[in-house]
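Enquirer: Got a sequence here, can you model it:
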Amino acid sequence: MLARLICLAVLLVSGIAAAQEIGEEAKACVPDGASNPTYEHESRTVEWPQEAQRLRADLPNVSRHGDRLRLAIDGGKAIDLQDCPYGNAGYQYLYERYDDPGRFYVVRTPGLDDFAYTLVMKRTGRLFTVHGVPVWASDKTRFLTVACSLQPARGTLSIFTPSDEGLASEVEFELPCATESCSARWDFQSWISIVCTPRDEPAKKGKEFVLMRGNDGKWNRFGR
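Expert: I've put the predicted structure just below:
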């Protein structure tokens, strides 16, 4: 595997971004640097055999053709996602599952020094990159992702909502990753709980927060 997920969550502070579309088109591989020496071996002996079991659950809409992952989209069309294991910016596409509420495919996308998930809209074929597993609210109107890594520096809790063309980023909260490791869950459709523990002392009680969505649609943080 090209990379490892470093962690998934951390201490919460607010940093709100306006809702916006973030989709992109599928890109072709442009070699830039030497090929990763372990890519071929690990793909054929570990990653692709494991992926084949997940692909069978969604046949005939998904299939693998060598280094290309093929996904069916509406209108009788399909798009190919091609692995690109070259240089420090290389990446790989590994199928995970189809997400019914969002009508998108979830594709794990490890890189040499990074990790992400690519969400592929079944209606349009547009791609959206997130850095955590989508976790839906009970009413299926929005989902959250939590991401944290020290290298590259990353720390966010993000909330996304489906839109006509795919997904819109509803809000994003900054997460300081240096000292705390946190997990997040939906308690209600407008209430998110975050529990944090110190990185160096995981047995020690940490901090707890909640995010609440008001009648005005804005998310606010409460807690210690």
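Enquirer: show me where pLDDT drops low in this protein?
Expert: Within the chain, the ranges that satisfy pLDDT under 70 run 1-23, 176-177, 206, 224.
Enquirer: buried ones in the helix ranked longest in it?
Expert: Counting residues, the longest helix in the chain under DSSP state H turns out to be helix 48-56. Within helix 48-56, the residues that qualify as buried are W48, E51, R54, L55, counting by 16 or more other Cβ atoms under 10 Å. Where you see a C-beta, it was placed from the backbone N, CA and C, and this is true even at glycine.
Enquirer: May I have the following helix or strand past it as PDB, with CA atoms only?
Expert: Later in the chain than helix 48-56, the nearest helix or strand by DSSP states H and E is strand 62-65. The C-alpha trace of strand 62-65 is given here as PDB (Å, rounded to 0.1, in the frame of the first residue of the first chain):
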ATOM      1  CA  VAL A  62     -17.800  -1.500 -11.000                       C
ATOM      2  CA  SER A  63     -14.900  -3.400 -12.300                       C
ATOM      3  CA  ARG A  64     -11.100  -3.400 -12.500                       C
ATOM      4  CA  HIS A  65      -9.000  -3.500 -15.600                       C
END
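Enquirer: Residues in contact with strand 62-65: which ones?
Expert: Residues from elsewhere that reach strand 62-65 (Cβ atoms under 8 Å, 6 or more residues apart in numbering): W48, E51, A52, L55, L69, R70, L71, A72, D80, Y95, Y98, Y105.
Enquirer: likewise stretch 191-206?
Expert: With Cβ under 8 Å, 6+ apart as the test, stretch 191-206 has contacts from 9-12, 144, 157, 178-187, 207-213, 223.
Enquirer: P202 - how many residues pack around it?
Expert: Residues contacting P202 under the criterion other Cβ atoms under 10 Å number 9.
Enquirer: my hunch is that it is in a helix, does that hold up?
Expert: No. P202: not assigned to a helix; according to DSSP: H, G, I helix; E, B strand; the rest coil it is coil.
Enquirer: what separates it from V195, distance-wise?
Expert: 12 Å (Cβ to Cβ, to the nearest Å).
Enquirer: Kindly check the end-to-end length of stretch 40-51 for me.
Expert: Using Cα to Cα, to the nearest Å, the end-to-end distance of stretch 40-51 comes out at 15 Å.
Enquirer: residues making contact with that stretch?
Expert: M1, R64, D67, D83, Q92, L94, Y95.
Enquirer: Which residue is the nearest non-sequential neighbour of A116?
Expert: T109 (4.6 Å; Cβ to Cβ, 6 or more residues apart in numbering).
Enquirer: So that neighbour, which state does it fall into?
Expert: When classified by three-state DSSP, T109 comes out as strand.
Enquirer: wait, isn't it in contact with T118?
Expert: Yes. At 4.7 Å, T109 counts as touching T118 under the criterion of Cβ atoms under 8 Å.
Enquirer: Sounds good, over and out.
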